[in-house]
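Peer 1: got a predicted structure here, sequence first:
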Amino acid sequence: MTDRAMISTRKGLFDLIRGADGWRLAASHFLGEPVSAALHDHRDGSTYAALNLGHFGVKMHRRDPGSDSWTEIATPAYPVKPDDVEDKVEWKLRQVWVLEAGGADQPGVLYAGTLPGGLFVSRDRGDSWELVRGLWDVPQRAEWFGGGYDVPGIHSICVDPRNSRHILLAISCGGVWRTEDGGETWSVSSKGMRADYMPPEMNENEAVQDPHRMVRCAGAPDVLWCQHHNGIWRSEDNAHTWIEVKNAPVSNFGFAVACHPSDPHTAWFAPLEADQRRLPVHASLSVTRTRDSAHTFDVLRKGLPQEHCYDLVYRHGLAVANDGKTLLMASTTGAVWISEDGGDSWQCPAPHMPPVYAVSFA
Amino acid sequence: MAEWAYNCATMAHIHFTQQLARFTEIPQVETPATQLRDGLEAAFAANPRLRGYVLDDQGHLRENVVIFIDGKRTRDPRVLDDPLTPASKVYVLQALSGG
């Protein structure tokens, strides 16, 4: 049974645990400091946190299994930019946007997706990091641009559970990218997506797409779901092609998506009104769920505020546990909700958090 | 006594904001360096982690960190080649912001 989660916020990292009386906040870490991402590595029980100290930059910390204390570890750092390289992006780490573990056969391997668009790999539990040059040096990176921030950023990293050298990642705004050789070479993989914010003749350009969040069904790894700036897309062929979902109720706009860990037909979304007005539709918060590969959807509202609600669930604000029915959702204005029945009903164990950047189950 | 006084007069002194103390050890730095960057390197030699708190990936002064030398702001936060005199007082501070 899932009984522990982490909430990364503007003012610290918080534990949310399930007790006899339900879910409640427990320990806090780095209180007062912005935590942009956190990862519990199930392979060895380590926990990682990425802080974004603003003045003093990004800092990484690790808590070893069984320990209560954190240790500062290495921080990903971009190499010195050669003088003869023209690049509108400064080679400076702005933020760690997502942390993911490598494959089950790669103990100690971690990935950090960053702004301004670099992917970093560690092979020693964060004691050192290396920029993945195979991706950083792709010529199409010159076409990437910022989505949500002034610079491009990697927000989703999906390691294929069948083969650790196969990785898909998603970039705002840079599309979906694939490696099948452990990161040595990369190819863009956004075919089928559409960027309405581009001139018509360019809106199918794969390298300028804005996937807001991409997730893979661990039990059926050829299936991926994507909440994109212009709608919802789904792939059944390991991201070689993407099919638009055109019948999502409430709205097809949003930032977050979560997919069932073993059932490829089930996924959840947190709809917002539109790009031009990023608020819950009619100020009424809902989660939409499909259980049949997006042929039909349920609109879930029980326990969610239905009037004067202006909460926004951002890219990493929705997560589903390995049991496939416990969901965690949090907003940029600091409200946290839990569902233990696949989204049919929700409770709010923490209504007054700092702005939440990411949620995940430990 | 005279020798001690002479040694102090040949060393620039670098102060770091106490705001850094909650993250990492702040060394007390007296350095014979004649340029700011060399003086900072002396501090980083005492605590290598301090470098990442003051300089970014490209070795530039972090955007919201400011350095004053004898009451004057650094000329170029990327180059950091301001001269230091034997009696220079250098302050590494953070800009106020937040919420």
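Peer 2: Received, thanks.
Peer 1: now do the strands in chain B.
Peer 2: Using DSSP state E, the strands of chain B run over residues B:12-16, B:29-31, B:65-69, B:72-73, B:89-94.
Peer 1: run through the helices of chain B in chain order.
Peer 2: B:2-9, B:36-46, B:50-54 (DSSP state H).
Peer 1: and what of the stretch 51-200 of chain A?
Peer 2: Ranges of helices within the stretch 51-200 of chain A are A:133-136, based on DSSP state H, counting those that start in this stretch.
Peer 1: which of the helices of chain B comes out lowest on mean pLDDT?
Peer 2: Of all those, the minimum mean pLDDT falls on helix B:2-9 (a mean of 46).
Peer 1: how about the strands of chain B, which one is nearest residue A:175?
Peer 2: strand B:65-69 (34.8 Å; Cβ to Cβ). C-beta here means a position set from N, CA and C on the backbone, and glycine is covered the same way.
Peer 1: pull up the pairing partners for the closest one, direction included.
Peer 2: Strand B:65-69 has the following sheet partners, assigned by DSSP bridges: strand B:72-73 (antiparallel), strand B:89-94 (antiparallel).
Peer 1: closest to residue A:154 out of those strands?
Peer 2: strand B:89-94 (28.2 Å).
Peer 1: now that closest one against strand B:12-16, angle please.
Peer 2: Put simply, strand B:89-94 runs at 20 degrees to strand B:12-16, going by axes from the mean of the first three to the mean of the last three Cα atoms, to 10 degrees.
Peer 1: quick one: distance of strand B:89-94 to the chain centre.
Peer 2: Taking Cα atoms, centre = their mean, to the nearest Å, the mean C-alpha location of strand B:89-94 is offset from the chain mean by 6 Å.
Peer 1: contact partners of it?
Peer 2: A:55-56, B:12-17, B:19, B:36, B:39-40, B:54, B:64-70, B:84 (Cβ atoms under 8 Å, 6 or more residues apart in numbering or on different chains).
Peer 1: give the rounded mean pLDDT of that strand.
Peer 2: 93.
Peer 1: excluding chain neighbours, give the residue nearest to whichever residue of the stretch 151-300 of chain A sits closest to chain B in space.
Peer 2: Closest approach between the stretch 151-300 of chain A and chain B, counting by Cβ to the nearest Cβ: residue A:151, at 13.4 Å. Spatially, and ignoring its direct neighbours in sequence, residue A:151 is nearest to residue A:116 (3.7 Å; Cβ to Cβ, 6 or more residues apart in numbering or on different chains).
Peer 1: next: residue A:153.
Peer 2: residue A:115 (3.9 Å).
Peer 1: distance check, that neighbour against residue A:241.
Peer 2: 28 Å (Cβ to Cβ, to the nearest Å).
Peer 1: looking at the two now, which is surrounded by more residues?
Peer 2: Between residue A:115 and residue A:241, counted using other Cβ atoms under 10 Å in any protein chain shown, residue A:115 has the larger neighbour count: 26 against 14.
Peer 1: for the more buried one, what are its contacts?
Peer 2: Residue A:115 neighbours (Cβ under 8 Å, 6+ apart): A:93, A:94, A:95, A:97, A:149, A:151, A:152, A:153.
Peer 1: buried subset of those, written for PyMOL?
Peer 2: Buried members of the contacts of residue A:115, defined by 16 or more other Cβ atoms under 10 Å in any protein chain shown, are picked up in PyMOL with:
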select buried, chain A and resi 93+94+95+97+151+152+153
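Peer 1: from the contacts of residue A:115, which land in strands?
Peer 2: Filtering the contacts of residue A:115 for strands - DSSP E - leaves A:95, A:97, A:153.
Peer 1: for chain A, which residues are neighbours of chain B?
Peer 2: The interface of chain A toward chain B, taken as Cβ under 8 Å from any Cβ of the partner chain, is made up of A:53-57, A:59, A:72, A:75, A:77-81, A:90-93.
Peer 1: count the residues that sit near residue A:83.
Peer 2: Residue A:83 - counted by other Cβ under 10 Å - has 5 other residues nearby.
Peer 1: alright, I will stop here.
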